[in-house]
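S.K.: pasting the structure only:
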């Protein structure tokens, strides 16, 4: 998938949030930075509603439950002269996806993630604060 410009990239990530697919994180990753590009190779874990995976063509026997999706992804983020994001390319190795139904007690919903992360984010130094 190729996204170009602030609006297109913003819409992509807003779609993740709107679809309740925004609880994810790297299990492992390699990052490389150059003067104009950020490259990330990741093994990612996602807590995803089953119906979302079914809409993507996966065989899900209980679409009303959450699933743990683990998969490999590579992304390249392109930056302009003023270090502003100008585009992003994301590639997924769909052949190596692994999907497991989750116990409801183990699911981290977006609301629960927000509850857990807000105190940590609020405690971090702000860029405008003196060091």
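M.R.: Yep, that arrived. As the structure is a prediction and not an experimental result, all values here were calculated from the model. Numbers count the residues shown, from 1 in each chain.
S.K.: How about the most centrally placed residue in the chain, nearest residue that isn't a chain neighbour?
M.R.: For the chain, the residue sitting closest to the mean C-alpha position, by C-alpha atoms, centre = their mean, is residue 24 at 5.1 Å. Among residues not flanking residue 24 along the chain, residue 46 sits closest, at 4.0 Å (C-beta to C-beta, 6 or more residues apart in numbering). Yep, even glycine has a C-beta here, placed from its N, CA and C like the rest.
S.K.: Just the element for residue 8, please.
M.R.: Assigned by DSSP states H and E, residue 8 belongs to helix 5-18.
S.K.: what packs against whatever helix or strand comes next after that helix?
M.R.: From helix 5-18 onward toward the C-terminus, using DSSP H and E, the following helix or strand is strand 24-33. Strand 24-33 sits against strand 37-49, with contacts defined as 3 or more C-beta pairs under 8 Å, 6 or more residues apart in numbering; DSSP states H and E.
S.K.: Flag every buried residue along the strand it packs on.
M.R.: 40, 42, 44, 45, 46, 47, 48, 49 (16 or more other C-beta atoms under 10 Å).
S.K.: can you check stretch 102-120 too?
M.R.: Within stretch 102-120, judged by 16+ other C-beta under 10 Å, the buried ones are 102, 107.
S.K.: burial of residue 71, as a residue count?
M.R.: By other C-beta atoms under 10 Å, 19 other residues sit near residue 71.
S.K.: tell me the pLDDT at the spatially closest residue to it that is not a sequence neighbour?
M.R.: Sequence neighbours aside, residue 97 is the residue nearest to residue 71 in space, at 4.6 Å (criterion: C-beta to C-beta, 6+ apart). In this prediction, residue 97 carries a pLDDT score of 92.
S.K.: Run a quick check on residue 97 versus residue 73, I expect a contact.
M.R.: No - the pair residue 97 / residue 73 is not scored as a contact, 10.4 Å apart, by C-beta atoms under 8 Å.
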